[in-house]
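1. Sequence first, then the predicted structure:
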Amino acid sequence: MSSVSPSVADLGLPGGEPSSAQHGGQGSGRRWGRRHPPSARPPALTAAGAVATKAAGPALAVTYLSLLVLLPLAALISNAFSGGWSVFWNAITAPQAVAALELTLAASAIVAVINSIAGMVIAWVLVRDDFRGKALVSAVIDLPFALPTVVAGLTLLALYGVDSPFHVNLAGTRLGIGAALLFVTLPFCVRSVQPVLAELDTEIEEAAASLGANQRQVLWRVVLPSIVPAVLAGAGLAFARAVGEFGSVVLISNNIPFKTLVASSYIYGLTQSDNLPQASAVSITLVAIALIILIAIGWVRRRFDIPETI
Amino acid sequence: MKRSRWLLPLRYAVLVYLGLLVLLPVGTVFFRAFQHGLGTAWNAFTAPDALHALWLTLIVAAVAVPLNTAFGVGVSLILARHRFPGAWLLDALVDIPLAISPVVIGLGLILVYGKTGWFGNWLAGEGITVIFSVPGIVIASAAVSLPYVVREVLPVLQEIGTEQEQAARTLGARPLTVFRRITLPNIRRGLAYGVTLTTARVLGEFGAVAIVSGAIAGKTQTLTLFISNAFDNLEPESGYVGAVALCIAALLVLAALTLSDRNRDAWHGKVSA
Amino acid sequence: MQRNSFLKARRATAVGGLALAGLAFSALPAGASGGSVSLVAYSTPKPAYTALTAAFAKTKAGSGVTVSSSFGPSGTQATSVADGLPADVVNFSLSLDMDKVAKAGLVSSNWAKTPTKGMVTNSIVSFVVRPGNPKHITTWADLVKSGVSVITPNVFSSGSAKWNIMAAYGAELKLGKTPAQAQTYLGQLLHHTAAQPTSASAALQTFLSGQGDVLLDYEDDALYAKKQGEAVSIVTPPQTILIQNPIAVTKSASPAAKAFVAYLLSPAGQTVWGQQGYRPVLASVASKFNFPQPKTLFTIDSLGGWTSINKKFFDPETGIVAKVEQQLGVSTASG
C-alpha cells in the first residue's frame, strides 16, 4: 500500500496502540470519536441513523447535481423542442451546424489523445524525476485554467498568430484550434495521473524488477495498468472541456464557417441572434454525443479497476 | 527505484512541451502586465471597479469551491465504495458541465432561475434574486467547475482500495472516524489537485458568468468580465494586470495546498514526492 | 461525509478574512442622494459614457446622481433586460434589439416616436486599413480585388456585422446593381473574408494582431481606436449605411433616468457624443463637427427596415447570408 498513508494504529481505538509519533496537525487522535460510546445509543436509533446517513449522502449529491446541472439541462431540452421536432431537426442538420459539430468532435478527440500521452509523461517526470525548478514547473501547469479564456486567446494569438515571434502563423487554421485546446486541457491530463502515480507503491515495481522483468515490462505490466483509469479520467475531462471550449479558441480560429467555426461559437452566434431553440438544439446534441463518449470511457475505466489484492 | 536512462531526455521533452504550451503564454501575460512599469500596473490594479471585481471573484470562489469540494468527495466515496444500478450514469453525468459550452450553461440557468424561468415566479415571490446577482454567479461558477474534485479523488480512491478502511471498521471505528483518519489522508494529494483545479476554473470562468451576471460594473462584474471589458475598450494594460491577479490567486491556492501537504509529510518524517 | 476539520478551519478563516475585506469595501461611500440610474448598453460606447456621466454630474439635473452601468454585446444585453436585468436606460446598437425589449413589455412600444425617432447617435460603416492605406482600398469594389482580405464579424453573433453586410448590399444597389447582383457581391465579399470574429471588438483585435487588409467597422469604434494610438487609417466608403443607435427609458425608470436621457439628447450631451466620435442626431450639433460626408448615405429603412431584413438575410437556415456561406462552404469545406 502507499507509503504515506497512516496505519490503523493511528485510530487510537481500544485494542489498537496509538502511535504518538504519527499525528498530524489536526490534534491528537486520542481525543476523537469517544463522545458517544456505541453502547450508550439505543439500537433502533442507530439503525435508523445508519439508513438515513446512507441515503442522505446520495440524495444530497443528486439534489446538488440537479440544481446546478440537471435542471438547466432539462430546461435546455425543453427549449430545444419548444418549436416542435421539425425546428429541432432543421437546426441540427443545418449545414453549418453539421460542419461545426464534426470539426469540434474531431479536434477534441485528437487533442484528448495527444494530451493524455503528454499528461502521462509530464506526470511521470514530475513524480519520479527531480530537478531544480520542478516546483515552479508543477505550479504553472494549472495556470491555463485560471487565465480567463479571452486572455488565453489573445496571448496565443500574439505568440502563434500573424505577428508571431516564431514566424509561425496558426491563425485561421485548424492547427491553431488544436493549440488552443491543448493549452486549456493540459491541466486535466497531468493532474489526473499525478496523484495516482504518486500513490503507487514502488515496491511492486522493484519486486518485479528483482524478479527479472526489464524496464519495459515493468512499465507495461505494472505501472501502466495502475494508471490507465486515471489517464482515461483525464482524457474524458479533456475531451469534454475541449468540446465546450469557446473563448480561447475563437480568437485564433478566425471563426470561418465550414472551416474553423467550432460548435460553441456557432451556438453562441445562434443565442446572440435570438435563435434560442436552435441554440439549445445544437447544444444538447453536442452534449448527448459527448455523454455517450464519456460513458464509453467510464466503462473502459471500470474494466481496468484493479480488484483488491494482498 | 532504479533511475531510468530515459528520464533525462524525457525531462527535456516535457520542459519543451510545457515551455511552448504553457510557460510562454503565461509569461507573456505577466510581461505585458508589467511592461509599462510597476506604477502603471498598480494604478490599474487599484482602480475601484478592478478591486471590486477582484473581491467579488474571491467571494464567489470562497463559496463555490467548498461546495464543490464537499460534493466531489461525497460522490467519489459513493462511486468508489458502493455498487448500485445507474452508477455508470452518475459517473458520466458528473462530467457533463464541461461538455456544455459555458454560454449555454448560463442560458440553461436563466431558463430555470430567470424571471420567466421555471422557478422564476416562486423566486420572485420569496424575494430571492438569483440571476443578475451574486447567487447566480456562484451557481454558474459551481456548475462549470463541478467535476474536478470527483475526477481527482475517485481514481485515487479506486487505486488505494478499501482494506485499510475495512480493517478499521472491524476494529470498531465509526464511519466518520474511518473517513477522517484513513480515507482523507490517503486522498489528500488528489483532493489538493482537485481543489486547485476547481479554484482556478472558478477564477477564470467567463462565458456562463457573462450571461447570468449582467456584468454591472461595481456590482456583478467579476474579474474575468472586467478583463474582457478592458480588452474590448482597448485598455490592454488593465486587462493583463487583472489576468496576473487571477494567476497569482490561483498560485496562492496551489501553494497553500501543497505546503500543507508537505508539512504533514515532514511531520510524519516521510519523504514527499 | 464531512471535510477534514483542519481544512475546514483554514477555509473558515479564509472566508472570514474575505468577509471582513468585503465589509471594508462595502463601507466605501455609497451613492449620493440625487437618485440612481441603471444603464444597460452595447459594448462600444463604454468610453463615451465615462465622459458623458462625468459631464452629466456637473449639470444641475445630474448632480448627485449615481449611474451604474453594464456593457456587453447588444443582443445579449437586450435578452438580459428581457430576462430581468435591472435597467432604467437602455441603449443598443440596432433597433432590432430595442424591439426585443419592447416585446417583453419593459419599454414602451412607442419608443421610436420621439423627435429623433428614438435614436441617440448616428455613425456609418467605415473601412479600417493599415496606416497609409498601402493597398489603396477606397471603394467596395476594392474589397473583392484579388489579394485583398477582409475582416468582418460573424453576422449571427454581432450587430456590427449586420450593419456591415447591409452597408455592402445597399451600396451595390446604389451603384445600380440588381438585387441578384448585389447578392453575388456578398458572396465575393465573404469569400474574401479571412476572419469572422464573434464581435466588433474581437474583429478589431484580430485586425490589430496583423491579419487582414481591411476591417469593416463602426466609424465611432475606428475613431476611438485611432485616439487610443492604434496603427490604423480610416477610409470613408463613397456609399455607406447610416448606423442609428436607439435609446429609451424603461417603464419603471426613475426621474433621474429620464433626466439622464434628456441630457444625452440635449445639445450639451450631443456635443460630448460628437467629441467621442459619434455623429450627433441633432442637426444643429452635427454641423459643428467635421465628420466626412459619404457621397451616398442610405438608411436601413430604405432597404426595408430591420425586421424584414433580419428575416430575409440573417435567418440561420433560410437567410440569404446563410445560403451564401453554404455555397462557399461546400466548395471550400475540404480546405
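-> Cool, the structure landed.

2. so the closest residue to chain B within chain C, which of the three states?
-> Distance from chain B to each residue of chain C (CB to the nearest CB) is smallest for residue C:84, at 3.5 Å. Quick note: C-beta positions are derived from backbone N, CA and C, even for glycine. The three-state label given to residue C:84 by DSSP: H, G, I helix; E, B strand; the rest coil is coil.

3. Give me the pLDDT for the nearest residue to it once chain neighbours are set aside.
-> Sequence neighbours aside, residue B:115 is the residue nearest to residue C:84 in space, at 3.5 Å (criterion: CB to CB, 6 or more residues apart in numbering or on different chains). Predicted confidence (pLDDT) for residue B:115: 85.

4. What does residue B:115 show for phi and psi?
-> In terms of degrees, to the nearest 10, the main-chain angles of residue B:115 are phi -60, psi -40.

5. Buried residues in stretch A:203-210, which are they?
-> Across stretch A:203-210, burial judged by 16 or more other CB atoms under 10 Å in any protein chain shown covers A:205, A:208-209.

6. could you list every residue that touches the residue nearest to residue C:84?
-> Residue B:115 is in contact with B:124, B:131, C:83-84, counting by CB atoms under 8 Å, 6 or more residues apart in numbering or on different chains.

7. circling back to that earlier point, quick one, what contacts the residue of chain C closest to chain B?
-> B:114-116, B:131-132.

8. Which members of the residues you listed are the farthest-apart pair?
-> Taking CB to CB, the two most distant members of the contacts of residue C:84 are B:116 and B:132; they sit 12.9 Å apart.

9. So residue C:243 belongs to a strand, correct?
-> Yes: counting by three-state DSSP, residue C:243 falls inside a strand.

10. So what pairs up with it in the strands?
-> residue C:123 (DSSP bridges).

11. before we move on, what about the one 5 residues further on?
-> Under the criterion DSSP bridges, residue C:248 forms beta bridges with residue C:90.

12. re earlier: the more surrounded of residue B:116 and residue B:132?
-> A side-by-side neighbour count of residue B:116 and residue B:132, using other CB atoms under 10 Å in any protein chain shown, places residue B:132 first with 26 against 12.

13. Look at that one and give its secondary structure.
-> Assignment for residue B:132 (three-state DSSP): coil.

14. circling back to that earlier point, among the contacts of residue B:115, name the buried ones.
-> Judged by 16+ other CB under 10 Å, buried ones among these: B:131, C:83-84.

15. Do a quick rundown of the helices in the stretch 201-310 of chain A.
-> A:202-210, A:215-218, A:224-244, A:247-253, A:263-272, A:276-303 (DSSP state H, counting those that start in this stretch).

16. Quick one: these as JSON lines, columns for mean pLDDT too.
-> Below are those laid out as JSON lines (pLDDT from 0 to 100):
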{"stretch": "helix A:202-210", "mean pLDDT": "81"}
{"stretch": "helix A:215-218", "mean pLDDT": "78"}
{"stretch": "helix A:224-244", "mean pLDDT": "88"}
{"stretch": "helix A:247-253", "mean pLDDT": "86"}
{"stretch": "helix A:263-272", "mean pLDDT": "88"}
{"stretch": "helix A:276-303", "mean pLDDT": "87"}
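
17. What pLDDT is listed against residue 147?
-> If you meant another chain, say so; for now it's chain A. For residue A:147, pLDDT reads 79.

18. switch to chain B, that's the one I care about
-> Reported pLDDT for residue B:147: 89.

19. Surely it touches residue B:92?
-> No: using CB atoms under 8 Å, residue B:147 makes no contact with residue B:92, being 10.3 Å away.

20. low pLDDT regions in chain B?
-> Low-confidence segments of chain B, defined by pLDDT under 70: B:1-4, B:260-273.

21. tell me the contacts of the residue nearest the centre of chain A?
-> Nearest residue to the geometric centre of chain A (CA atoms, centre = their mean): residue A:237, 3.1 Å. When contacts are counted by CB under 8 Å, 6+ apart, residue A:237 touches A:185, A:188-189, A:192, B:95, B:98, B:147-148, B:151.

22. From those, pick the one nearest chain C.
-> residue B:148 (15.6 Å).

23. check contacts around the closest one.
-> Contacts of residue B:148 by CB under 8 Å, 6+ apart are A:237, B:68, B:72, B:194, B:197-198, B:201.

24. List just the nearest of these to residue B:207.
-> Among those, and counting by CB to CB, the member closest to residue B:207 is residue B:201, at 11.9 Å.

25. Relative to residue B:239, how far out is the closest one?
-> Distance, residue B:201 to residue B:239, using CB to CB, to the nearest Å: 20 Å.

26. next one: residue C:225
-> Relative to residue B:239, and taking CB to CB, residue C:225 is found at 15 Å.

27. if you count what's nearby, which of the two comes out ahead?
-> For residue C:225 versus residue B:239, the count of surrounding residues by other CB under 10 Å is larger for residue B:239: 26 against 22.

28. if I look at that one, how far off is residue B:245?
-> 11 Å.

29. Ok, residue C:61 next?
-> 38 Å.

30. Of the two, which one has the most company?
-> Using other CB under 10 Å as the criterion, residue C:61 and residue B:245 rank with residue B:245 on top: 25 against 18.

31. Now for that one: which residues touch it?
-> By CB under 8 Å, 6+ apart, the neighbours of residue B:245 are B:45, B:54, B:223.

32. so what's the first one up against?
-> Neighbouring residues of residue B:45 by CB under 8 Å, 6+ apart: B:51, B:241-242, B:245.

33. Figure out the helix or strand that it lives in.
-> helix B:38-46 (DSSP states H and E).

34. Same question for the closest residue to residue C:262 other than its chain neighbours, what's its three-state structure.
-> Closest residue to residue C:262 apart from its sequence neighbours, by CB to CB, 6+ apart: residue C:61 at 7.5 Å. Put simply, residue C:61 is coil when judged by three-state DSSP.

35. How confident is the prediction for residue C:61, by pLDDT?
-> So, for residue C:61, pLDDT stands at 89.

36. Please report how far it lies from chain A.
-> According to CB to the nearest CB, to the nearest Å, residue C:61 stands 35 Å off from chain A.

37. and the helices of the stretch 201-310 of chain A, which is most packed in?
-> Comparing the helices of the stretch 201-310 of chain A by mean neighbour count (mean count of other CB atoms under 10 Å in any protein chain shown), helix A:247-253 ranks first with a mean of 29.

38. helices or strands next to it in the packing?
-> Judged by 3 or more CB pairs under 8 Å, 6 or more residues apart in numbering or on different chains; DSSP states H and E, helix A:247-253 is in contact with helix A:149-160, helix A:174-199, helix A:263-272, helix C:200-208.

39. So what touches that helix?
-> A:148-150, A:152-154, A:156-157, A:160-161, A:170-172, A:176-177, A:179-181, A:183-184, A:260-262, A:264-265, B:206-207, C:197-198, C:202, C:205-206.

40. circling back to that earlier point, what two of the contacts of residue B:115 are the furthest from one another?
-> For the contacts of residue B:115, the maximum inter-member distance is 12.4 Å, found between B:124 and C:83 (CB to CB).

41. residue ranges of the strands in chain B, please?
-> With DSSP state E as the definition, chain B shows no strands.

42. how about the residues of it near chain C?
-> B:48, B:51-52, B:55, B:58-59, B:62-63, B:66, B:69-70, B:73-74, B:77, B:110, B:114-116, B:131-132, B:176, B:179-180, B:184, B:210-211, B:214-219, B:221, B:229, B:231-234, B:256, B:260 (CB under 8 Å from any CB of the partner chain).

43. buried subset of those residues?
-> B:51-52, B:55, B:58-59, B:62-63, B:66, B:69-70, B:73-74, B:77, B:110, B:114-115, B:131-132, B:179-180, B:184, B:210-211, B:214-219, B:221, B:229, B:231-234, B:256, B:260.

44. Kind regards, and thank you for your time.
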